[in-house]
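[1] Mind folding the following:
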Amino acid sequence: MSTVRDRVTGIVKKHIKATDDQLVDTANLASDLGVDSLTLFEVILDMEKEFNCEIQEKDSNNITSIGSAVSYIEDRIKSGTAS
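    Modelled structure (predicted):
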């Protein structure tokens with residue numbers, strides 16, 4: 001079974017050209033990986049589908065890096081609001 005991190009990085013890689021070396025937890029989606037607002041919206045939608053959850057707009061504003069996305073989803077899984 002894939003880890004949350006593997007699943008999140010897979011989603012990001014689907015939308016941008018990035019190597020595994022670039023997809024570290026501290027990588028800022030906008031400044032380090034070049035994710036624009038439309039692409040971020042698409043990434044959020046794919047994360048909602050992948051993890052069977054709804055990500056509120058106020059929460060999506062806090063998803064700024066690979067690590068923050070992974071932490072957010074892991075917290076949702078622990079609370080039972082994602083899978």
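[2] hey, let's count contacts and neighbours off CA atoms from now on
    Fine.
[3] Need phi/psi at Asn28.
    phi -70, psi 130 (degrees, to the nearest 10).
[4] Just the pLDDT at the residue nearest the centre of the chain, thanks.
    A centroid search over the chain (CA atoms, centre = their mean) returns Ala69, at 4.1 Å, as the residue closest to the centre. The confidence metric pLDDT takes the value 97 at Ala69.
[5] my read: it touches Val8, true?
    Yes: with contact defined as CA atoms under 8 Å, Ala69 counts as touching Val8 (7.3 Å).
[6] Look up how far Lys49 lies from Ser31.
    25 Å (CA to CA, to the nearest Å).
[7] And for Val43?
    Distance of Val43 to Lys49, computed by CA to CA: 10 Å.
[8] Name the surrounding residues that touch the lowest-mean-pLDDT helix or strand in the chain.
    Least confident helix or strand of the chain, by mean pLDDT, DSSP states H and E, is helix 57-60 with a mean of 93. Outside helix 57-60, the residues within contact range by CA atoms under 8 Å, 6 or more residues apart in numbering are Ile44.
[9] export that helix as PDB, just CAs?
    The C-alpha trace of helix 57-60 is given here as PDB (Å, rounded to 0.1, in the frame of the first residue of the first chain):
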ATOM      1  CA  GLU A  57     -11.100  26.600   0.900                       C
ATOM      2  CA  LYS A  58      -9.800  27.900   4.200                       C
ATOM      3  CA  ASP A  59      -7.800  24.700   4.600                       C
ATOM      4  CA  SER A  60      -6.500  24.700   1.000                       C
END
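[10] Need the residues that contact the helix or strand following it.
    Toward the C-terminus, helix 57-60 is succeeded by helix 66-79 as the next helix or strand (DSSP states H and E). The contact list for helix 66-79 (CA under 8 Å, 6+ apart) reads 4-5, 8-9, 23-29, 51, 62-63, 82-83.
[11] for helix 66-79, the distance to its chain's centre please.
    9 Å (CA atoms, centre = their mean, to the nearest Å).
[12] Which positions in it come out as buried?
    Residues of helix 66-79 classed as buried by neighbour count (16 or more other CA atoms under 10 Å): Ile66, Gly67, Ser68, Ala69, Val70, Ser71, Tyr72, Ile73, Glu74, Arg76, Ile77.
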